[in-house]
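[1] Any chance you can model this:
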Amino acid sequence: MEREPHLDIDAHFKRHERFLVIPCVCKRERETLGDYSCKLPMKRCGFVGLPPQTPLGETVLDREEAMALLARLEKQGHVHLAFYGFTMFAEAPQFMGTCNCCTCCCGILHGAKLAGLEFQDGPQKSNYRAVIDAEKCTACGVCIKRCPMEAISEGPKRMPLSCPCGAMPEMRPGASQVDRDKCIGCAVCVTGCPEDAIMMEPVSEEEWFHVPSSLTEWEEMRLEYLTTQK
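    Numbers count the residues shown, from 1 in each chain. As a prediction, this is how the structure comes out:
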């Protein structure tokens, strides 16, 4: 948090008492078109802070309700695609809200894969990548199922454990392994691992994405990006 205060969700919840949480546009679109839609919750995006006098309602939650919903969405395996920027009187960029996406419906995650695009054509990756402790990994496969980018797979088969009866048991499933190029650093695998065998490690200094510390720097980076696009 000292290095990336703009991603401090706890600080965001402390700043506000009311939060706007809306239905997922992508999920609603797919259902409207009669296309595929997953069974995950519809109301899952936004979490934007509102004035304290805002009346509570179907899409306006108080702090406790919003935090509980965010925790449930995380447990279910949603990817937090955070958005942050400069609010009024803020001297530095702040966390402002988040979509909580699934690869079934999300136009950013699912759409890019359908088009055969690399993830760099989507939102910015985090500054962390998943690393699996092969000694702790029991090859349960939970992380493989939860990974939105299909960046985790089963590794080579492992030697069997010794059998007291003297018989030769079958080779054990291999520990899960991460394709670093595909990993976006969302940590969905970490929150789902029953053995705590996965951790997030920071990328190198050369790979670290620098978030502008002022609105002026923000606009300068934006203009530089626009001028480099073909």
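[2] which regions of this structure lie under the pLDDT threshold?
    37, 111-123, 159-169, 230 (pLDDT under 70).
[3] For stretch 25-45, measure first residue to last.
    Terminal residues of stretch 25-45 lie 8 Å apart, using Cα to Cα, to the nearest Å.
[4] hey, where'd the helices end up in this protein?
    Listed in chain order, the helices of the chain (DSSP state H) span 9-15, 25-32, 63-76, 109-114, 142-146, 188-192, 215-228.
[5] Tell me the buried residues in the second one?
    Using 16 or more other Cβ atoms under 10 Å as the test for burial, helix 25-32 gives 26-27, 30-31. Quick note: C-beta positions are derived from backbone N, CA and C, even for glycine.
[6] got the contact list for that helix?
    36-38, 40, 42, 45, 101-102, 105-107, 110 (Cβ atoms under 8 Å, 6 or more residues apart in numbering).
[7] can you redo these as TSV with distance to residue 212 and neighbour count?
    As requested, the contacts of helix 25-32 are exported to TSV (distance: Cβ to Cβ, whole Å; neighbours: other Cβ atoms under 10 Å):
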residue	distance to residue 212	neighbour count
36	38	10
37	37	19
38	35	16
40	33	17
42	34	14
45	25	23
101	24	26
102	30	23
105	31	23
106	26	26
107	26	15
110	29	19
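[8] Closest one of those to residue 215?
    Nearest to residue 215 out of the contacts of helix 25-32 is residue 45 (Cβ to Cβ; 25.1 Å).
[9] so what's the closest one up against?
    21-25, 98-100.
[10] Show me the two of these that sit farthest apart.
    Among the contacts of residue 45, 23 and 98 lie farthest apart (Cβ to Cβ), at 14.6 Å.
[11] the more surrounded of those two?
    Set residue 23 next to residue 98 and count neighbours by other Cβ atoms under 10 Å: residue 98 wins out with 23 against 16.
[12] Next one: the more buried one relative to residue 81, how far apart?
    Distance, residue 98 to residue 81, using Cβ to Cβ, to the nearest Å: 6 Å.
[13] list the contacts for the residue nearest to residue 70 when sequence neighbours are not counted?
    In this structure, residue 70 finds its nearest non-sequential neighbour in residue 47, 6.5 Å apart by Cβ to Cβ, 6 or more residues apart in numbering. Contacts for residue 47 were tallied using Cβ under 8 Å, 6+ apart; they are 12, 19-21, 66, 70, 97-98.
[14] Turn the residues you listed into JSON lines, columns for distance to residue 128.
    Formatted as JSON lines, the contacts of residue 47 follow (distance: Cβ to Cβ, whole Å):
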{"residue": "12", "distance to residue 128": "19"}
{"residue": "19", "distance to residue 128": "26"}
{"residue": "20", "distance to residue 128": "28"}
{"residue": "21", "distance to residue 128": "26"}
{"residue": "66", "distance to residue 128": "25"}
{"residue": "70", "distance to residue 128": "19"}
{"residue": "97", "distance to residue 128": "21"}
{"residue": "98", "distance to residue 128": "16"}
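[15] which among these gets closest to residue 208?
    Taking Cβ to Cβ as the measure, residue 208 lies nearest residue 98 of the contacts of residue 47, at 21.2 Å.
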